[in-house]
Structures are given as C-alpha cells and as structure tokens.
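Undergrad: pasting the structure only:
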C-alpha cells in the first residue's frame, strides 16, 4: 500500500531525529547556556569585582601593552560590555597564530589595574562547544554541527506535517501513561517554542553560510580579501615604516567612535603594528549595541589618532545576514528577553531529549521480549541515558573544577575543559555497566548531587557564596547559585519519577495477564 505524505513524514521525522539526536542535544544545551556566557565567566572568576568603566579599562590595558608588548604585530582589547566588568587584552607576536593568544592574555579591571584572576575559559568554552565542538579540527566540528542543524530543520518541517493535532497537543500533558506521556511531553516542548526552534535552527545555518555554501563567494570575488572587505569592512593590512611613533591617546579615539555611533559603546579595539608610524587602530562597535551583530568598524591613524574615512554602508544582503546572526546570538537582548531565549532553549533541549526517549519507548513494546532487547536497541538506550544525563553532569563537573583546581596551576583552563569531558565520559561508562532502569535513576541522581555541590563548594572556597551575594546585592553570583539549586531540584525530581516508573513486562506475560483479566 502506498504511504500517505503524513506517514512518509513520520518515518523521516523519526529517523532524522534519532541519527543526530545526541549531537543536537549537546548543541541545544551548550547553545542555551551561551545566552548567559558573560555571567558564567564572571562567576568563574570570583577575583574580579568592581564596576564597568570602558575607557579606564582601555587605558589600563594600553599602558600594560606598551610596557610588555613593544614590537608585537597586533594588540587586541576586548572592552567590558553591559554584562561584564573587566577588559581582556592580548598581543600577537610575529609568526604566531591566534590559537596562541592565551599565552599573552591578561585582564584589567574598571580602574585600569591588571587583575591576577584564575585562568579559565568560563562561559566562552560552552559557547564554542555549541558550534566548534572540541578535540576535533574546528572545520570538522562546524561541518558536523551544520549537518545536525540541517537535520533539525528537516525534523521540524516533517514534525509539523506529521502532527495532525499540533495545537490541541499544546494543551495536553498526561502523566503516568508511559509512551503516551513521552509523546505528550515531546509535542508540548516542540509546539511551545516552535517559532523559536525554527528561527534558531535556520539562523544557525546562516551564521556559517560562507563555509557551508562557498560557491557564491568564489563566483563573485576573485580574492577572499575583497569578500572580507565588503562583508566585514576589512581593509589592507599596513606595512612597517621603520619609524617609531607611540600610539595616540586611546580615549580620544573612543570618544570619536561614540559620537559616530550616537552614543553606542565600542566592543573591540585592535591595533596593527603598535609603536610604528604606520600603525592602524580599529574600533568595532559592541555587538550588543544593536540587533545586527556585525558592528561597524572605524579605523584611525595610530600615531595621530585621526579617523580614516568611515566605511560605506553595508548592502541589504550584508545587513540581513547581520540581523539574522544577531537574532541567533541574542547579544542585543535585555535581561528579560535573554531569559525568554534561555527558556525557549530549554524547551528545545526537552524536545530533543523526549524525542530520543520516545524512540525507545515506542519500540520496546514491539520487541518479542522487552526485558531482553537486541544489541542495537540496548546501544541506543544507553546512549540516550549517557547523553541526556552525561552532558549536564560534565558541565557541573566543569563548574566544580573551576573552584577546586589550584589557582596557579599550569594549563589550568585546559584542565577545566578536560574535567567536563572526563565527567561526561565517566558517567557514560557507568551507564553501560548498569541495567537501563537503574542507570536512569542513578545517573539523574548523580547529576542532581553534582549541581547541589556547586553552590556548596563555591561558599566554602570563596567569599562570594549565595548568602553573602544576596546580602551584597550581587545578582550575578546569587543568581548563578540559585540556578544550580533549581537544576539540582529538577534532576532530583526526574530521578524520583524514573524510580517510580512501572516496569515493562515481557510480551508473553502481558498476553497472559490480559487473558486472565
């Protein structure tokens, strides 16, 4: 019998969702945390206090660079935004790659003083995991995430076609009904933020469109530098003159940039050939100043501080791309909107997780003996548990490592990152050694304990625990610890529900029970 369109879409939705579902879950989880990456970084560097003063921070960073990085190829300063306190700066020596910038990185507070804060990648690691993955070449990671995003787009469209009662399902959530409950949860989490899921998936593909579809660029431009100039406003790199000249006062250049942007703040400062008469200072508008994330870049003569001719306005295509990337990243969003982004992202995590569990719940009942499934079913079931429980456990271990590793440890930031994956890997091994039912209960319980430990360890190892933070009005630290307690409670509740779940009976037992009923 010929399948209907809805039946075909159901098959496509099921298998597309499963094949890359574990990667999609990781992308959703890390992408959701990235909406608060600045706050996570602040929590992971408790040594940094004070208020935000971009100009003072820039001048302090410049003073340190002039004293310690004469002759470098470039100086770069990331100024504090509305959600951060300190500026981060680094320099690049001739012949070095930008992957080595951490060797020269330092931080400056709002008074322009260098801070000896613990070395950490903070929320930036989770943000980069969202699209670069880890331990693999960046291009490979981005191709894998792009493939997963395309699968996600197919799953969304096929899911809309498949579900006849989509909006009725929005108001339906039945508990204690086994497979029916998982289907209700999957439908509800999918429909709850369906426009967001579609937007975030489509714009995610747009962010890396020149990598996924480079043929248009190759057809329109003979040289990559011409494309970069039109897209980002990049110009030709300067060459050394051999004549020394100090960099002009940076505060005056920041003032000119603010006037040009009608009060918008700068986000990045890059200085090519500092100390040379041909040096060029580039100041880029803060990405959170507007919905378009490609902030305008202004160039200045480094020796005199005179502004170059501003770049021409971007075309409609470039502006559209900038807005779509801005919608995806959400950096423009005020606190309330970022919380909506975060909650919608959590619904995406729940949608993928319930879809993975639903796959096994539906097929378990079709097995000849549900208590003795075949190898493929057991593998999918264990990978579901190891992913849904393992990644959150690894993130909690990452936060704990930030507090427990020695502050002066060599390669400390890399050790924190390794702790995330070691925690995830340890839980994966544990899951494969336990029966599936007990693995669900115990792994979710371990995750709850790990998140409960985060605010406890923070209170023991720093002076910025939950109670002192509430007393001092420190909403970032108090909010972070509160979120950890909420996460612990949710995972504890999930473990309790998993422990109370009815045991699936073998098929013959069910038939015999029904016959005697």
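TA: Thanks, I have the structure now. The shown structure was predicted, so the numbers you read here are calculated from the model rather than taken from an experiment.

Undergrad: hey, let's count contacts and neighbours off CA atoms from now on
TA: Noted.

Undergrad: where are the low-confidence patches of the stretch 151-300 of the chain?
TA: Counting by pLDDT under 70, the stretch 151-300 of the chain contains low-confidence ranges at 164-185, 229-236.

Undergrad: Helices along that one, start to end?
TA: Assigned by DSSP state H, counting those that start in this stretch, the helices in the stretch 151-300 of the chain fall at 166-169, 179-192, 194-207, 209-212, 215-220, 224-232, 250-260.

Undergrad: do you know which of those lies nearest residue 129?
TA: helix 194-207 (13.8 Å; C-alpha to C-alpha).

Undergrad: mean confidence score for stretch 72-88?
TA: Here stretch 72-88 scores 89 as its mean pLDDT.

Undergrad: returning to what we had before: which one of the helices of the stretch 151-300 of the chain is the most hemmed in?
TA: Compared across the helices of the stretch 151-300 of the chain, helix 179-192 shows the largest average neighbour count, a mean of 22 (mean count of other C-alpha atoms under 10 Å).

Undergrad: want to throw the helices of the stretch 151-300 of the chain into JSON lines with distance to residue 139?
TA: Formatted as JSON lines, the helices of the stretch 151-300 of the chain follow (distance: least, C-alpha to C-alpha, whole Å):
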{"stretch": "helix 166-169", "distance to residue 139": "37"}
{"stretch": "helix 179-192", "distance to residue 139": "30"}
{"stretch": "helix 194-207", "distance to residue 139": "14"}
{"stretch": "helix 209-212", "distance to residue 139": "9"}
{"stretch": "helix 215-220", "distance to residue 139": "17"}
{"stretch": "helix 224-232", "distance to residue 139": "17"}
{"stretch": "helix 250-260", "distance to residue 139": "34"}
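
Undergrad: for the most centrally placed residue in the chain, what are its contacts?
TA: Nearest to the geometric centre of the chain sits residue 127, at 2.8 Å (C-alpha atoms, centre = their mean). Each residue near residue 127 by C-alpha atoms under 8 Å, 6 or more residues apart in numbering is listed here: 30-31, 33-34, 37.

Undergrad: Can you tell me the SS state at residue 344?
TA: helix (DSSP: H, G, I helix; E, B strand; the rest coil).

Undergrad: Without its sequence neighbours, what residue ends up closest to it?
TA: residue 193 (5.8 Å; C-alpha to C-alpha, 6 or more residues apart in numbering).

Undergrad: and the gap between the closest residue to residue 355 other than its chain neighbours and residue 348?
TA: Spatially, and ignoring its direct neighbours in sequence, residue 355 is nearest to residue 186 (5.9 Å; C-alpha to C-alpha, 6+ apart). According to C-alpha to C-alpha, to the nearest Å, residue 186 and residue 348 sit 10 Å apart.

Undergrad: And the contacts of stretch 253-267?
TA: Stretch 253-267 is touched from outside by 55, 78-81, 283-287, 289, 298, 300, 305-307, with contacts defined as C-alpha under 8 Å, 6+ apart.

Undergrad: mind redoing it with 7 Å?
TA: Stretch 253-267 is contacted by residues 78-79, 81, 283-287, 289, 305 when judged by C-alpha atoms under 7 Å, 6 or more residues apart in numbering.

Undergrad: From these, pick the one nearest residue 144.
TA: Looking across the contacts of stretch 253-267 and measuring by C-alpha to C-alpha, the closest to residue 144 is residue 287, at 26.4 Å.

Undergrad: Can you list the low-confidence ranges for the stretch 401-517 of the chain?
TA: Low-confidence segments of the stretch 401-517 of the chain (pLDDT under 70): 501-517.

Undergrad: now the helices for it?
TA: Per DSSP H, counting those that start in this stretch, the stretch 401-517 of the chain carries helices over the ranges 412-433, 436-461, 466-472, 475-499, 507-516.

Undergrad: for the third one, packing partners?
TA: Pointing back at helix 466-472 there. Under the contact criterion of 3 or more C-alpha pairs under 7 Å, 6 or more residues apart in numbering; DSSP states H and E, helix 466-472 touches helix 475-499.
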